[in-house]
Structures are given as C-alpha cells and as structure tokens.
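Participant: could you look at this predicted model? Sequence included:
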Amino acid sequence: MGAARINRLVTSGQFSLDGGTWDVDNNVWIVGDDAEAVVIDAAHDADAIAAAVGDRRLTAIICTHAHNDHIDAAPALAARTGAAILLHRDDLPLWRQTHPERDPDGWLEDGQIIEAVTPLHVIHTPGHAPGAVCLHAPALGTVFTGDTLFQGGPGATGRSFSDFPTIIDSIRDRLLTLPPETEVLTGHGESTTVGAEAPQLEEWVKRGH
C-alpha cells in the first residue's frame with residue numbers, strides 16, 4: 001500500500017458567478033497511497049485528474065465548496081471512477097447553479113472524519129461560501145483550505161453567498177487554532193502555514209473587504 005502522500009495537480013478553466021467570468025488556475029489535491037485515493041476539488045479537467053489518480057481506486061471526490069471552478073469536473077470524474085461526490089449541504093444552491101441535473105452523493109458535516117488513506121477531519125468554515133469546508137489531515141500535518149484561507153489572507157467575499165465577518169470568524173476560530181506548523185494547502189496559488197498567517201489576522205480585519 002505505501003504511506004499516504006499528497007499530489008498537487010494544477011488545472012485551468014473559468015470561474016463564473018454573478019454574471020462575471022474569470023480565467024483561473026485551480027489546485028486539485030490527490031491524497032492517497034499506491035492503492036486508493038481521494039480527490040479534493042475536481043476542477044476543470046476530469047481527464048487530467050483521472051490520469052493523475054492512475055490505476056488507484058478513487059473512493060471520494062470531496063468538494064471544499066461549490067463554486068463552479070471547484071466542481072465543474074466532479075460529475076464526469078464520478079461517472080468515470082464510481083467515486084462518491086461529497087459536499088456540505090449549505091452549498092447545494094451553489095452546486096445546482098452548475099449541475100442542476102445531478103446532486104452530490106453525500107453530505108459533509110462539521111466534525112465528520114472521512115476515513116481515507118489518512119483520516120480527513122471536516123471543519124465547516126463558512127464565509128467564502130455558506131458550505132465551505134476545510135479538511136484537516138493531522139497525520140500529515142496539513143489542512144486543505146479550499147478558498148477559505150490563502151497565503152496572505154482570506155478568500156474573496158465580494159460576491160453572492162459570501163460574507164467577510166463570517167470568513168474571519170471561521171479562520172480565527174477554526175483554522176488558526178491548529179498547530180502553527182500545519183501546512184495550508186490552498187485552492188489556488190502557493191501553500192503557506194497556519195503560523196505564517198496567524199499574525200496577520202488583525203490586519204485583515206482592519207482592511208475589511
């Protein structure tokens with residue numbers, strides 16, 4: 001089987017919301033060993049993601065939130081692999097903007113532990129989206145934050161379904177309480193650590209959004 005490892009795949013496509021469309025690069029995270037894996041955020045390119053998974057059994061497609069750029073390839077990847085799509089129920093209205101014909105297969109809940117190759121602890125972190133979640137992998141010293149926390153600050157809150165005070169509360173109460181050495185693997189861009197981001201919290205609050 002081998003030890004759990006994390007692979008990063010960057011895919012390119014478009015993010016659309018509130019009538020606007022932007023070109024984006026997304027991080028797709030694959031967590032697994034030699035035999036099986038889960039995908040965190042099936043963005044843009046089901047073929048590229050399936051190739052990165054290889055001949056391993058894909059057990060779940062976990063959505064950190066339901067903005068289209070994080071879920072657009074999920075149904076195609078699920079159809080190809082038989083993996084279940086998992087999303088927090090509060091993001092179902094966003095999900096249905098992109099995939100009105102197919103709901104997720106299961107619901108993520110705060111405090112849930114996904115028994116993957118390494119246990120993934122679900123942390124509900126609303127703000128960027130109502131059903132945004134982060135996935136903490138204690139054994140790997142890692143948290144997958146989707147678009148909740150980036151290198152340099154919180155995710156955007158200027159569009160529908162988002163709220164700046166809520167994302168600040170989520171980051172302060174749910175993420176900055178993790179060990180400071182915890183690596184933060186984000187939905188876009190480069191990684192950071194909890195310890196690197198924690199001192200900036202008050203500055204984000206002052207700047208607002």
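Facilitator: Done, it's in.

Participant: can you give me the helices in this protein?
Facilitator: Along the chain, the stretches classed as helices by DSSP state H are 46-53, 68-71, 74-81, 92-98, 164-170, 194-197, 201-207.

Participant: G141: which of these is closest?
Facilitator: The closest of these to G141 is helix 194-197. By C-beta to C-beta, the value is 10.0 Å. Where you see a C-beta, it was placed from the backbone N, CA and C, and this is true even at glycine.

Participant: run through who's touching that closest one.
Facilitator: Outside helix 194-197, the residues that touch it by C-beta atoms under 8 Å, 6 or more residues apart in numbering are 143, 149, 151-153, 171, 175-176, 178-182, 184.

Participant: again, only this time at 7 Å
Facilitator: Under the criterion C-beta atoms under 7 Å, 6 or more residues apart in numbering, residues L149, L175, L176, L178, P179, P180, E181, T182, V184 lie in contact with helix 194-197.

Participant: what's the closest of the residues you listed to A198?
Facilitator: L176 (4.7 Å).

Participant: give me the pLDDT for the closest one.
Facilitator: Looking at L176, its pLDDT stands at 96.

Participant: please tell me how far it sits from E202.
Facilitator: Distance of L176 to E202, given as C-beta to C-beta, to the nearest Å: 11 Å.

Participant: ok, these two, which is more surrounded?
Facilitator: Counted by other C-beta atoms under 10 Å, L176 and E202 do not tie: L176 has more neighbours, with 18 against 9.

Participant: give me phi/psi at the more buried one?
Facilitator: Phi and psi for L176, reported as degrees, to the nearest 10, are phi -70, psi -10.

Participant: now the strands for this protein?
Facilitator: In the chain, the segments counted as strands under DSSP state E are 5-17, 20-32, 36-40, 57-62, 84-88, 106-108, 113-115, 119-124, 133-137, 142-146, 149-150, 153-154, 183-186, 192-193.
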